[in-house]
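In: Test case, fold it:
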Amino acid sequence: MSLSEASDRAGDSIQIYARTAGILILLSIIFGAFGEGYAPSRLIVSNDAAATARNIVSSPLLFRGGFAAYWVEAACDVALAVLFYVLLRPVDRQLALLSAFLGVVATVTYAFAECFYFAPALILSGALYLNAFTQDQLNALALLSMKLFDTIAGTFIGFYGLATIIRGLLVYRSGYLPRALGVLFMIGGAGFVVNNLLAVLAPAHATPLLLFLMAPAGVAMLLWLLVNGVDVERWRSRA
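Out: Residues are numbered from 1 along each chain as shown. Here you go, the predicted model:
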């Protein structure tokens, strides 16, 4: 195989990776919105353990569907960590690798939080060994578990923000992706980091609205990757 043929194949491959990343971002947004946002919001009634337990028991498909949606999102996020590493390593291999590791750490820590989301399936199962607890106690444990899910997720989500900031920096420096995408990624990632710091240091001031700073970055990136991919010639020159 000649050098030009090898270069052409590498260019074709990188476009496939770029468009695959766009599809995975779309899937991550859809399933993440359902599993992290919609399902918990329909199940958890703040400060009302009985209502929360009733929602979980009466809506098993919604409850379990929310957990299953995170499986899909997590798989997409791990794959995206690898794909962004491949797409961005020509800019700076070490930073691209650091971003990939931070992305995987973010997924793993959120997966740990999801264990508490699923725990009420056992707490409210009606198993005989739970007869030692009153129904009020079981309801309280179920709500506590759901609140632990939300708290743990909020206090470790900064890892995802750091990964996104680094990806944004690499996109900005790349020359084969628009600088505006890099800026949006850095802003979105900063929103995650700031919200994480507030959740730990000043919880009264933490707000999920900061997380929505990621929305423009995610939508813009997935549309660009699906429609345009990367500038292959410039990617080749960096690679």
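In: Next up, the contacts around Asn196.
Out: Asn196 sits next to Gly154, Thr155, Phe156, Ile157, Gly158, Gly161 when contact means Cβ atoms under 8 Å, 6 or more residues apart in numbering. Where you see a C-beta, it was placed from the backbone N, CA and C, and this is true even at glycine.
In: I meant Leu213, not that one.
Out: Going by Cβ under 8 Å, 6+ apart, the list of residues near Leu213 reads Ile187, Gly188, Ala190, Gly191, Phe192.
In: check contacts around the first one.
Out: Think Ile187. Gly168, Leu213, Pro216, Ala217.
In: By pLDDT, give me the weakest of the residues you listed.
Out: pLDDT across these is lowest for Leu213, at 90.
In: Mind giving me the packing neighbours of the helix or strand bottoming out on mean pLDDT in the chain?
Out: Sorted by mean pLDDT, DSSP states H and E, the helices and strands of the chain end with helix 3-32, the least confident at a mean of 81. Secondary-structure packing of helix 3-32 (3 or more Cβ pairs under 8 Å, 6 or more residues apart in numbering; DSSP states H and E): helix 60-88, helix 214-227, helix 232-238.
In: Kindly give a single ChimeraX line that selects the buried subset of the contacts of Ile187.
Out: Entered in ChimeraX, the line below selects the buried ones among those, by 16 or more other Cβ atoms under 10 Å:
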select :168,213,217
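In: which ones are touching Ala140?
Out: Counting by Cβ under 8 Å, 6+ apart, Ala140 has contacts Ala49.
In: Please apply the same query to Gly218.
Out: Ile25, Ser28, Ile29, Gly188.
In: for the helix or strand Lys147 falls within, what is the average pLDDT?
Out: Assigning secondary structure by DSSP states H and E places Lys147 in helix 135-156. Per-residue pLDDT over helix 135-156 has a mean of 93.
In: again with stretch 60-69
Out: Averaging pLDDT along stretch 60-69 yields 96.
In: buried ones in it?
Out: Buried, per 16+ other Cβ under 10 Å, within stretch 60-69: Leu62, Phe63, Gly66, Ala69.
In: One more: stretch 15-27?
Out: Within stretch 15-27, the residues that qualify as buried by neighbour count (16+ other Cβ under 10 Å) are Gln15, Tyr17, Ala18, Arg19, Ala21, Gly22, Leu24, Ile25, Leu26, Leu27.
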